[in-house]
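Enquirer: this one's sequence-less:
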């Protein structure tokens, strides 16, 4: 009798496991189909627009003709400003949280970083417009857009760097203390090299998020599609260009799909590089443990 009950319970568990597995595979397959459909639509409609001329020529007739050369330049400038500001501030903050913080103040700073990471990008756009464009009188400019993106991606970069620093074996810290090494020497010669792949992956993922950002730039960098001559000029990035062509320009669908395809390829390359860095770090750690 007991044996029959066990077999019945086992069959019920097997059935539940099979149903759950089938549900997981079905939902995963549905998600993949949606992704493939979206990418397929962009690929089919945008591939005919992509050419070398499209990449090296400026937009004409409000983007209905021409290419995206000035758009690519503006995107590069905005990202350069964002990265230049984010890296020193992010590294300094994450190092302080990892190595120097007081417990109470560090907890408050960590909570603030988590909150900022969840703030919608449109809020960062409003902040950038009020502070950078109006208060600092930068106007609608590439500089204002880059600084706004820096404020937006800074929490992500800090969090990723902090995870990388916390994953460094504490034996390195104890060994540095035993040898009488200063904090600066430990950070420069031991901590940063050990956490370098995580820092690089965090930076690349932050760049990927900034590259696809639209809302934060609508209120800061502007819509001008001409080649910028300085960082105080207005300009549009790839995502803003797609937004404008798709919603505001009649007959701009072809250019929007072509630009979207370029953006997707860039994001794919950025995320692949970040994934490669993480895998490389994990493999190196496993090799070190096996050795």
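Expert: Received it, and whenever you're ready, just let me know what you need. No experiment lies behind these values; they were computed from the predicted model shown. Numbering: from 1, shown residues only.
Enquirer: for the rest of this, base every contact and every neighbour count on C-alpha atoms.
Expert: Fine.
Enquirer: could I get the average pLDDT for the helix or strand where residue 37 lies?
Expert: Following DSSP states H and E, one finds residue 37 within helix 2-47. For helix 2-47, the mean per-residue pLDDT is 82.
Enquirer: next structured bit after that helix?
Expert: Taking DSSP H and E, what comes next after helix 2-47 is helix 52-56.
Enquirer: any stretches of the protein with poor pLDDT?
Expert: 1-9, 101-103, 277-291 (pLDDT under 70).
Enquirer: any chance you could map the helices in it?
Expert: Taking DSSP state H as the test, the helices found in the chain are 2-47, 52-56, 69-95, 103-117, 121-128, 142-167, 170-178, 183-186, 192-211, 215-218, 238-247, 253-290.
Enquirer: want to try JSON lines for those helices, with mean neighbour count and distance to residue 62 as columns?
Expert: Below are the helices of the chain laid out as JSON lines (neighbours: other CA atoms under 10 Å; distance: least, CA to CA, whole Å):
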{"stretch": "helix 2-47", "mean neighbour count": "12", "distance to residue 62": "18"}
{"stretch": "helix 52-56", "mean neighbour count": "14", "distance to residue 62": "14"}
{"stretch": "helix 69-95", "mean neighbour count": "21", "distance to residue 62": "12"}
{"stretch": "helix 103-117", "mean neighbour count": "13", "distance to residue 62": "35"}
{"stretch": "helix 121-128", "mean neighbour count": "20", "distance to residue 62": "24"}
{"stretch": "helix 142-167", "mean neighbour count": "25", "distance to residue 62": "19"}
{"stretch": "helix 170-178", "mean neighbour count": "13", "distance to residue 62": "57"}
{"stretch": "helix 183-186", "mean neighbour count": "13", "distance to residue 62": "53"}
{"stretch": "helix 192-211", "mean neighbour count": "21", "distance to residue 62": "22"}
{"stretch": "helix 215-218", "mean neighbour count": "24", "distance to residue 62": "17"}
{"stretch": "helix 238-247", "mean neighbour count": "20", "distance to residue 62": "8"}
{"stretch": "helix 253-290", "mean neighbour count": "17", "distance to residue 62": "10"}
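Enquirer: quick one: closest of those to residue 226.
Expert: Closest approach to residue 226 among the helices of the chain is made by helix 69-95 (6.0 Å; CA to CA).
Enquirer: same for the closest one, what does it pack against?
Expert: helix 52-56, helix 142-167, helix 192-211, helix 238-247 (3 or more CA pairs under 8 Å, 6 or more residues apart in numbering; DSSP states H and E).
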